[in-house]
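Student: just to be clear, the model below is a prediction. Sequence and coordinates:
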Number of protein chains: 2
Amino acid sequence: MLVQKYRDMLSGKSVIRQLAEFAAERGKEIGYENVFDYSLGNPSVPVPREFTDKMVELLTTRESGELHGYSPNLGITAVREAVAASLEKRFGLPYRKEHIFMASGAAGALAHAFRLVTEPGDEILTFAPFFPEYHPYVDLTGASLKVVPPDTESFQINFDKFEEMLTEKVMAVLLNTPNNPSGVVYSRDTLERLAGLLTTKAELYGHEIYLISDEPYREIVFDGEAAPCVSKFYDNTIMCYSFSKSLSLPGERIGYVAVNPRCRNAEEMIHMCVQISRGIGHNCPPSIIQLAVAEVLDKTSDMKVYETNRNILYRELTELGFTCVKPGGTFYIFPKAMEEDAKVFCQKALNYDLILVPGDTFGAPGYFRMAYCIDTEKVERSLEALRRFVKTEYM
Amino acid sequence: MLVQKYRDMLSGKSVIRQLAEFAAERGKEIGYENVFDYSLGNPSVPVPREFTDKMVELLTTRESGELHGYSPNLGITAVREAVAASLEKRFGLPYRKEHIFMASGAAGALAHAFRLVTEPGDEILTFAPFFPEYHPYVDLTGASLKVVPPDTESFQINFDKFEEMLTEKVMAVLLNTPNNPSGVVYSRDTLERLAGLLTTKAELYGHEIYLISDEPYREIVFDGEAAPCVSKFYDNTIMCYSFSKSLSLPGERIGYVAVNPRCRNAEEMIHMCVQISRGIGHNCPPSIIQLAVAEVLDKTSDMKVYETNRNILYRELTELGFTCVKPGGTFYIFPKAMEEDAKVFCQKALNYDLILVPGDTFGAPGYFRMAYCIDTEKVERSLEALRRFVKTEYM
């Protein structure tokens, strides 16, 4: 018989995907260039030239078996070494290949991290606003995801609520900075306070509490800043990284798990990832993509368009009277809707061909997300529609 | 705390991998060309030229976002259409894209198939000799794999034992033809009898029993034959295919689930695969590999070397007095050892630099596997060692 829990999931459609489909349909009527589609977080800038060149070079010079053969289950050794060296240079922690497990994007990395440290019945906490896929990612392991309500002033952490919810059943805390959907970069203060609280509670409960740090937006930070490195604040950190956003190749499924070298049993945890893989059909990420990515570890796509778009939108939104935390990174902005129910607000916006995503999906009702990974020219053209929308409906 | 079941698995090392490591070590002493390494099933022939050409063409002509962007969760639509058309043409069943889910190799496809039709506590039956990774693949889902003892006369199915074990708890039967490790192709008679029994028992128990058909060796069949198509014999068949062996690219992680168009709820099952993906971190196979493979669906690597090797080894082994079922495909042969304990037999073979894998690992004690996906020249050179081994130890 077919398994009911997966059948039941078929009826629940992602709001983001529904909106993206609406945008595509509307595009057929009026031309997609006239639909101001802020729904999907799909990188809009090309991969670095060096990645493409490396791929072609590999294909034209390497022997087939060496290039396309089975990768070791941990990932290609030289690639793990390169990732470790890059992390060490960047963050000053003593990463070695023994701390690196190559994974199929952040989704693959997280699937391993959750299974490393939780069993069915355990709890994982995350902070609103949060990426809604975390729910199926966690809940389908048998553990359960609990969401700490947002601090809507700053979209940092609501520590009062967090402390309340950080019970003995919590085995891991899942963090996403720079954050989807708020665009906020968690500050040093936030991370210090978080680490302190986790250390105290772990001691009190007599078991580790792991910090699972989902960092696909690490390289997209504005104003010449860098995102504070989560692993530097807390030893028991499992970093989950994806190259999807920094190299603009979300379809190629490449990322890694990096266990903090200071974490007790770090090397054992990496070997446990291989065992977890056997149960979830993972095996390893594509070998040619591993080899190519290893050559461009310290490169990114040219992402200044995201900062330009952030500047244009933040200025316009605040001028129009929106309450809005200024994003420090990513390609998202998360303003307060102009009426209580953000679903109604976003529904009305559709009449102006503005595709906005209600914050309910992200655990923050009353707010909405705009994914501005689109051409600046389109962002600029959307301003007129935004103004018309606000002036007509809310002034 | 770290999850104990994965920690416990760390001590249990794969026998095949241990032998491969021994071969590599020994190679450092005497030169790897002098180690007759029959341990690993890693394709030895190159990918078809057309695959490489297509990859380069994609990289040099396609726009980055289109090439490397997120693939739909079901796989790229045009690729699913191409796979369906190829299957329809080949097997005469009315496959459409609605029956195809692109997966990361056979391991990925199987991870979805098991979760489609079993819940924790359910049983899946498979037939010895069998691929030992089936155990973690199934057992880590919470279902349990039970192994039907072999019919050592033919390495087809031992129907007496099978019928005994086909209880009400069995929700799926896992089949691998052409078979690793025996090299045997299941006959039409076998498949008809299997289908008949499944139909009878499903009716008796009042629930479907699905046939999960793992077919990575489908294209490696000898003597101008083709492997009978399992799906044609039984409606409730979930085909799990991998391009790893047929195109020699096991590292690139590409395959698919194809639900029999005649299976009730086939289209729903494909959509359920997407939901399953969310829980196991799958997402989709690499987009560029999907696009390239779609261009070479009806091609294979040049695999005549495997048939040549089969012929040489089968003749030599039978001449030396081994009992041996003649492989109809794959790149494996599975003779009876010359003493009762195949582990001891294979241990002694190491003294002759012959790396053979004891059948215990495959659920068939007393037999051993040779993976002859190596150069014919090396197979020929190994014969002298094989003769010396047999004559010294067993004559």
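Tutor: In hand now; what should we look at?

Student: near chain B, which residues of the stretch 251-395 of chain A?
Tutor: Residues of the stretch 251-395 of chain A found near chain B (CB under 8 Å from any CB of the partner chain) are A:251-253, A:265, A:268-269, A:271-272, A:275-276, A:278-289. In short, each C-beta sits where N, CA and C put it, glycine included.

Student: filter those to the buried ones?
Tutor: A:251-253, A:268-269, A:271-272, A:275-276, A:278-289 (16 or more other CB atoms under 10 Å in any protein chain shown).

Student: mind listing the helices for the stretch 201-350 of chain A?
Tutor: Along the stretch 201-350 of chain A, the stretches classed as helices by DSSP state H, counting those that start in this stretch are A:266-280, A:287-294, A:304-319, A:342-349.

Student: so which bits of the last one are buried?
Tutor: By neighbour count on 16+ other CB under 10 Å, the buried set for helix A:342-349 is A:342-343, A:345-346, A:348-349.

Student: which strands or helices does that helix pack on?
Tutor: Contact partners of helix A:342-349 among helices and strands, from 3 or more CB pairs under 8 Å, 6 or more residues apart in numbering or on different chains; DSSP states H and E: strand A:357-358, strand A:368-371, helix A:376-394.

Student: hmm, try it at 7 Å
Tutor: Packing contacts for helix A:342-349, counted by 3 or more CB pairs under 7 Å, 6 or more residues apart in numbering or on different chains; DSSP states H and E, involve strand A:357-358, strand A:368-371.

Student: mean confidence for it?
Tutor: Model confidence over helix A:342-349, given as mean pLDDT, is 98.

Student: what angle do that helix and helix A:376-394 make?
Tutor: Orientation check (axes from the mean of the first three to the mean of the last three CA atoms, to 10 degrees): helix A:342-349 against helix A:376-394 gives 110 degrees.

Student: from the rest of the structure, what touches helix A:342-349?
Tutor: Applying CB atoms under 7 Å, 6 or more residues apart in numbering or on different chains, the external contacts of helix A:342-349 come out as A:337-339, A:356-360, A:365-368, A:389, A:393.

Student: between those residues, which is nearest chain B?
Tutor: A:Val357 (16.4 Å; CB to the nearest CB).

Student: with adjacent residues omitted, what lies nearest to the closest one?
Tutor: Of all residues beyond its chain neighbours, the one nearest A:Val357 is A:Arg369 (4.5 Å), with distances taken as CB to CB, 6 or more residues apart in numbering or on different chains.

Student: residues contacting the one you found?
Tutor: Neighbouring residues of A:Arg369 by CB under 7 Å, 6+ apart: A:181, A:332, A:334, A:357, A:359, A:362.

Student: now render those residues as CSV, adding neighbour count.
Tutor: What follows is the contacts of A:Arg369, written out as CSV (neighbours: other CB atoms under 10 Å in any protein chain shown):
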residue, neighbour count
A:Pro181, 30
A:Tyr332, 27
A:Phe334, 26
A:Val357, 29
A:Gly359, 27
A:Phe362, 26
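
Student: spell out which residues of the stretch 101-250 of chain A are next to chain B.
Tutor: The interface of the stretch 101-250 of chain A toward chain B, taken as CB under 7 Å from any CB of the partner chain, is made up of A:104-105, A:107-108, A:110-111, A:115-117, A:119, A:133, A:136-137, A:140-141, A:207-208, A:248-250.

Student: in strands only, show me those residues.
Tutor: Using DSSP state E, no member of these falls within strands.

Student: now those residues: which count as buried?
Tutor: Those of those that meet the buried threshold are A:104-105, A:107-108, A:110-111, A:115-117, A:133, A:136-137, A:140-141, A:208, A:248-250, by 16+ other CB under 10 Å.

Student: roughly how far does the most centrally placed residue in chain A sit from chain B?
Tutor: The residue lying closest to the centre of chain A (CA atoms, centre = their mean) is A:Pro216, at 4.7 Å. A:Pro216 is 13 Å from chain B, where distance means CB to the nearest CB, to the nearest Å.

Student: count of neighbours near the spatially closest residue to that residue that is not a sequence neighbour?
Tutor: The shortest distance from A:Pro216 to any non-neighbouring residue, by CB to CB, 6+ apart, is to A:Ser242 (4.2 Å). Per other CB atoms under 10 Å in any protein chain shown, the neighbour tally for A:Ser242 reads 26.

Student: hmm, A:Gly329 and A:Val185 touching each other?
Tutor: Yes. Assessed by CB atoms under 7 Å, A:Val185 is found in contact with A:Gly329 at 5.1 Å.

Student: any common contacting residues for the two?
Tutor: A:178, A:221, A:227.

Student: residues contacting the residue nearest to A:Leu211 when sequence neighbours are not counted?
Tutor: Excluding its sequence neighbours, the residue lying closest to A:Leu211 (CB to CB, 6+ apart) is A:Thr237, at 4.6 Å. Going by CB under 7 Å, 6+ apart, A:Thr237 touches A:211, A:213, A:230-231, A:260, A:263.

Student: all strands for the stretch 101-250 of chain A, in order.
Tutor: Here the stretch 101-250 of chain A has its strands, by DSSP state E, counting those that start in this stretch, at A:123-127, A:144-148, A:170-176, A:210-214, A:237-242.

Student: what's the closest non-adjacent residue to A:Asp298?
Tutor: Going by CB to CB, 6+ apart, A:Asp298 has A:Ser86 as its nearest residue, at 6.0 Å.
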